[in-house]
Each structure stands twice: as structure tokens, then as C-alpha cells.
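In: below: sequence and its predicted model.
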Amino acid sequence: MVELLGPAGSIEMGKAAIKAGADSIFCGLRPYSRRKENELPLSKVLELTDYVKGKGKKIYIAVNSEIPEKEIKNVINYRVKPLVNAGADGFILRTPQLMKEISQYDTKVIASVGCNIKTKKEIDKFKSYGVNMAVLSSEFSRKPIDYDSIKMLSKEIKLEMLVTLTACIGGVGGCTYFESINHKLPVAFYIDPEDSLVHEYTEFNPNLGGGCLRMCNNIDDPLVQKIMGIETEKLKELKAGGKGNISIMLSDEVPRLIESGVSIIKIQGRECPTKWVAETVSMYRDIIDRSIVDNEKIKSLKSEWDDIREKGDLVLLKKLYELMGYCYSTRKLDIDP
């Protein structure tokens with residue numbers, strides 16, 4: 001039976017997703033996921049886990065930024081063990097050593113979309129770390145869908161696939177645009193107020209837990225062009241080709257994805273309003289159970305999501321100007337900061 005997996009950027013969102021028809025939900029564990037603005041502290045994750053298990057549903061915990069080796073022991077003792085004991089069904093991970101450690105417990109070990117898995121060789125590598133479920137690269141969600149490859153990979157491991165998602169250039173975890181500003185990215189420390197657990201991360205490095213500035217969504221901006229060193233026409237070509245951080249909502253493709261061996265249909269959206277998440281989950285429930293595709297509803301939900309993302313891109317652009325030492329209001333780059 002295929003599983004519908006919804007997002008939980010808050011306790012309210014997680015509950016709404018379950019009520020709307022999700023078989024399972026996932027949430028980010030503060031401060032260890034790729035979306036640091038939409039994470040939950042341990043106490044909230046435990047509360048949500050208790051609710052989900054009481055409903056006979058599943059919950060997966062995202063710990064999918066790179067975890068420094070020196071922190072792994074504490075993550076296991078103070079985060080993983082309490083959640084396993086509470087009944088968490090699995091952990092979404094990127095760090096190989098953490099995968100190996102968690103594979104010793106009675107829980108699913110899931111390779112995150114940030115692992116950017118596209119081939120059998122990559123699946124074999126992660127299986128050697130103890131992974132028993134994998135989220136396919138976001139590249140598989142771009143049209144035209146490669147159903148034959150999905151079917152082949154589904155014979156190797158249980159597969160999740162994103163049907164509502166943001167797809168980075170080269171796949172989530174595969175973009176390296178942020179590396180052009182690595183010299184400016186500050187290292188920061190998060191100290192958990194609940195138990196003083198310390199986590200080191202790098203601001204605006206998505207792989208290291210600092211989120212992303214999504215420069216690829218602001219490629220017409222002069223500072224972005226200066227940083228990336230790509231000619232304006234080439235940037236416009238990239239944008240026209242939809243190769244930036246684009247949004248995707250698959251619909252008619254879902255039944256064939258299931259036929260091709262996808263076990264879990266996954267919805268992103270922890271940054272969205274709870275009402276949007278509930279409506280999106282309900283829509284996919286109809287697609288999975290009754291083959292009902294409401295194109296007008298999909299169009300409306302995607303438009304709302306794109307508006308949210310566009311506003312977020314502007315906020316991130318202002319942060320980029322601040323980080324690089326320029327004034328956003330004037331956009332004058334002729335004098336170095």
C-alpha cells in the first residue's frame with residue numbers, strides 16, 4: 001500500500017496533515033535539518049510523535065544537514081534515543097556516520113533528498129551505511145519523468161519520491177552556487193535552551209544546516225551576477241530554462257509513479273501555511289485513492305506556493321546584500337564594500 005507523507009513545520013501543521021489524510025508526517029529536528037527556519041525542538045517533536053502514534057500513523061524525523069563527527073555521540077544519546085523510545089518510525093539523514101549509528105536501532109534509516117540519489121551505485125553506497133529507505137533525487141521529479149529508472153531503483157530499496165517540491169539545479173544537495181561566497185559565510189553555534197546541547201553550523205550553507213540564500217532565484221540582480229560571474233544572457237537562459245530553485249507539483253504522474261514502485265509519495269511545504277498543507281494533502285489523497293485530479297485546485301495551490309516563495313526570495317536577497325557588505329536600497333556595486 002502506498003504511503004502519503006505530509007510536512008510538519010509545526011505541531012498544528014502535523015495534526016492538520018494527518019486529519020487531511022496523510023499516512024505519515026515528517027518534521028525537522030532543531031537544529032539539525034536543512035530548513036533551520038522550520039524546525040521543531042525535541043519537546044515539540046516528542047509531543048507530535050505522541051499524537052501521531054495515538055492516531056496509528058507514522059512520523060519521520062529530519063536530521064539531514066551534515067552533522068560534525070564530534071557531535072554524533074550527543075545527537076544519538078540526547079536526540080535519537082528519546083525519539084526511538086517514543087516510537088519515531090525513522091530518521092531522514094545525510095551524514096554517513098550518523099546513518100551507521102542509527103542503523104543499530106529499531107527504526108528506519110532514510111537517505112535524504114539531499115543525498116541526491118540517482119543511480120544503483122549510489123543506492124548501494126548508502127545501503128552500506130545501513131540505509132533501508134531512500135528519497136530519490138529531486139531531478140526525478142522534473143519532467144519528463146524517467147519511469148524506467150525509478151522502476152529499476154525500486155527493486156533495490158524502498159523509495160520515497162517528492163511530488164510537491166522545490167528542485168535545485170542538479171538536484172537538492174547537488175548545487176554548489178553558494179560555494180562562491182564561502183569565504184563570507186560565518187560559522188555559528190546553536191545552544192539548545194532545553195538542555196544546552198551545542199551545534200556548530202555554517203550560515204547560508206544548506207548542506208551545513210544554515211539554509212540557502214537561493215541566489216539562483218535572483219539571477220537578474222546585479223550582485224548575484226557579480227558573485228556568480230556568469231554573463232547576463234547566460235543567466236537569463238538559465239532562468240528561462242527553469243533550472244533554478246523551481247517549484248513542482250506533479251498530479252497525473254502520481255498513479256504511474258506508484259506503478260513504477262514508489263512506496264511513499266512525499267509532499268514538501270514546511271514553510272507554508274497550515275491551511276495550504278491540509279488542502280494539498282487532501283488533494284493528493286484524492287489522486288491516490290480515487291484518481292481524482294482537480295487541475296484548477298492544483299493551479300491555485302501552486303500559485304499560492306509560488307507567491308510565498310517569491311516573497312521569501314526577496315528576504316533572502318536582502319540578507320545576501322547585508323552579508324556581502326552592500327546596500328540593498330541603492331544596489332550600487334561600483335565601489336567594493
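Out: Thanks, I have it.
In: please make it C-alpha for all contacts and neighbour counts, starting now.
Out: Will do.
In: name the single longest helix found in this protein.
Out: Under DSSP state H, the helix in the chain containing the largest number of residues is helix 295-324.
In: other SSEs contacting that one?
Out: With contacts defined as 3 or more C-alpha pairs under 8 Å, 6 or more residues apart in numbering; DSSP states H and E, the packing partners of helix 295-324 are strand 246-249.
In: output the strand it packs on as PDB, restricted to C-alpha atoms.
Out: Below are the C-alpha coordinates for strand 246-249, written out as PDB (Å, rounded to 0.1, in the frame of the first residue of the first chain):
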ATOM      1  CA  ILE A 246      11.900  25.800  -9.200                       C
ATOM      2  CA  SER A 247       8.600  24.600  -7.700                       C
ATOM      3  CA  ILE A 248       7.000  21.400  -9.000                       C
ATOM      4  CA  MET A 249       3.600  19.900  -8.300                       C
END
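In: pull out the buried residues from the longest helix of the chain.
Out: Of the residues in helix 295-324, those scored as buried under the neighbour-count criterion (16 or more other C-alpha atoms under 10 Å) are 298, 301-302, 305, 309, 313, 316-317, 320-321.
In: closest one to Gln268 out of the residues you listed, please.
Out: Trp305 (10.8 Å; C-alpha to C-alpha).
In: could the buried residues of helix 295-324 go into TSV alongside distance to Tyr328 and pLDDT?
Out: Compiled in TSV, those are given as follows (distance: C-alpha to C-alpha, whole Å; pLDDT from 0 to 100):
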residue	distance to Tyr328	pLDDT
Ile298	35	95
Leu301	31	97
Lys302	29	96
Trp305	25	95
Arg309	19	92
Asp313	14	93
Leu316	11	94
Leu317	8	95
Leu320	9	94
Tyr321	6	94
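In: okay if I get the residues you listed as TSV plus distance to Glu122?
Out: What follows is the buried residues of helix 295-324, written out as TSV (distance: C-alpha to C-alpha, whole Å):
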residue	distance to Glu122
Ile298	33
Leu301	34
Lys302	32
Trp305	32
Arg309	31
Asp313	32
Leu316	32
Leu317	34
Leu320	34
Tyr321	37
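In: circling back to that earlier point, quick one: the longest helix of the chain to chain centroid distance?
Out: How far helix 295-324 lies from its chain's middle: 16 Å, per C-alpha atoms, centre = their mean, to the nearest Å.
In: and for stretch 188-202?
Out: Centre to centre, stretch against its chain (C-alpha atoms, centre = their mean), the figure for stretch 188-202 is 21 Å.
In: report the mean confidence score over that stretch.
Out: Here stretch 188-202 scores 91 as its mean pLDDT.
In: now do stretch 59-71
Out: In this model, stretch 59-71 carries a mean pLDDT of 96.
In: list the buried residues for it?
Out: When neighbours are counted by 16+ other C-alpha under 10 Å, the buried residues of stretch 59-71 are found to be 59-67.
In: contacts for that stretch?
Out: The set of residues external to stretch 59-71 that reach it, using C-alpha atoms under 8 Å, 6 or more residues apart in numbering, is 24-29, 32-34, 49, 52-53, 88-95, 97-98, 112, 114, 199-200, 206-209.
In: just the buried ones out of those, please.
Out: Using 16+ other C-alpha under 10 Å as the burial test, the contacts of stretch 59-71 include 24-29, 32-34, 49, 52-53, 88-95, 97-98, 112, 114, 199-200, 206-209 as buried.
In: if I look at Asp192, how far off is Gly211?
Out: When distance is defined by C-alpha to C-alpha, to the nearest Å, Asp192 is 18 Å away from Gly211.
In: of the two, who's got more company?
Out: Between Asp192 and Gly211, counting by other C-alpha atoms under 10 Å, Gly211 is the more crowded of the two (19 against 14).
In: what about the closest residue to that one other than its chain neighbours, helix or strand, and which?
Out: With sequence-adjacent residues excluded and distances taken as C-alpha to C-alpha, 6 or more residues apart in numbering, Gly211 is closest to Phe204, at 4.9 Å. With secondary structure defined by DSSP states H and E, Phe204 is part of neither a helix nor a strand.
In: am I right that Phe204 is in contact with Met215?
Out: No. Taking C-alpha atoms under 8 Å as the definition, Phe204 is not a contact partner of Met215, at 10.7 Å.
In: now do the shared contacts for those two.
Out: When contacts are counted by C-alpha under 8 Å, 6+ apart, Phe204 and Met215 are jointly contacted by Phe178.
In: quick one: which of the two has more around it?
Out: Between Phe204 and Met215, counted using other C-alpha under 10 Å, Phe204 has the larger neighbour count: 25 against 22.
In: three-state assignment of Tyr190?
Out: Remark: Tyr190 carries the secondary structure label strand [criterion: DSSP: H, G, I helix; E, B strand; the rest coil].
In: how about the contacts made by it?
Out: 31, 198-201.
In: of all those, which comes closest to Glu179?
Out: Closest approach between these and Glu179, by C-alpha to C-alpha: Tyr201, at 15.0 Å.
In: mean pLDDT per helix and strand in the protein: which one sits at the bottom?
Out: Ranked by mean pLDDT, DSSP states H and E, the helix or strand of the chain with the weakest confidence is helix 232-240, at a mean of 64.
In: ok, the lengthiest strand in the chain: who's next to it in the sheet?
Out: Among the elements of the chain assigned as strand by DSSP state E, the one spanning the most residues is strand 158-167. Sheet pairing here is set by DSSP bridges, and for strand 158-167 it gives strand 133-135 (parallel), strand 246-249 (antiparallel), strand 262-267 (parallel).
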